[in-house]
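K.L.:
Pasting a predicted model and its sequence here:
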Amino acid sequence: QEVGVKMAMFSSFRTACFRAAALRPTLTQCANVHVEARLIELGHTLPKPGPNLGSYVTVQRSGNMLYTAGHLPMNPDGSLIVGKVGKDISVEDANKAAELVGLNILASLKGHLGDLDKIKQVVKLVGFVNCVDEFESQPQVINGCSDFMKEVLGDKGVHSRSAVGTNALPRNICVEIEAIVEVE
């Protein structure tokens, strides 16, 4: 009789668990909530990933590592932020352009992964700044992307980085950034 009572209690508990589980959203329904909710909280909307402008893939996976192609400061309307930093565009505006590049990188990662919460760590960013020869503030420009990644992803967005000045970039963009990202 004691075994029967325990079985009835277990059966009631199991039924209650199944009912509670049915009321909870499934893992699939919750999958895109955390990072994307943070983006919305910060006032950002993920754009559609931009088109490839050459013979390459936007994101290449090798094991649990993703390598992105260089991303551009492309506005949602498709226009690019162009100009040479130190001549045509200020450090502050180039920094904002680098932040936009960060958003575009996340859009490409979402397109590849389907879920930004699969990001384990942004490992490295490599940033190129189209600038005049005398310009020495490349790190301040690329900080726009670095700070954005940390703001959106927290500790998962902290990375190593290179910030390089160059005399020209494709389509006269002011900044181009590529990323190496570890994923689940």
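P.N.:
Done, it's in.
K.L.:
right, and the helix or strand after the worst-scoring helix or strand of the chain on mean pLDDT?
P.N.:
Lowest on mean pLDDT, DSSP states H and E among the helices and strands of the chain sits helix 27-30, with a mean of 39. The element immediately downstream of helix 27-30 (helix or strand, assigned by DSSP states H and E) is helix 34-41.
K.L.:
What residues of that following helix count as buried?
P.N.:
For helix 34-41, the neighbour count (16 or more other Cβ atoms under 10 Å) marks 35-36, 39 as buried. C-betas here are computed from N, CA, C, even on glycine.
K.L.:
do stretch 69-76 as well
P.N.:
Buried, per 16+ other Cβ under 10 Å, within stretch 69-76: 69-74.
K.L.:
Select from those residues every entry located in strands.
P.N.:
Counting by DSSP state E, these place none of their members in strands.
K.L.:
Same list, those residues, but as JSON lines with distance to L169 and pLDDT please.
P.N.:
Below are these laid out as JSON lines (distance: Cβ to Cβ, whole Å; pLDDT from 0 to 100):
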{"residue": "A69", "distance to L169": "13", "pLDDT": "97"}
{"residue": "G70", "distance to L169": "9", "pLDDT": "97"}
{"residue": "H71", "distance to L169": "12", "pLDDT": "97"}
{"residue": "L72", "distance to L169": "8", "pLDDT": "96"}
{"residue": "P73", "distance to L169": "10", "pLDDT": "97"}
{"residue": "M74", "distance to L169": "13", "pLDDT": "96"}
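K.L.:
Those: which two are farthest apart?
P.N.:
Farthest-apart pair in the buried residues of stretch 69-76 is A69 and P73; separation 14.3 Å (Cβ to Cβ).
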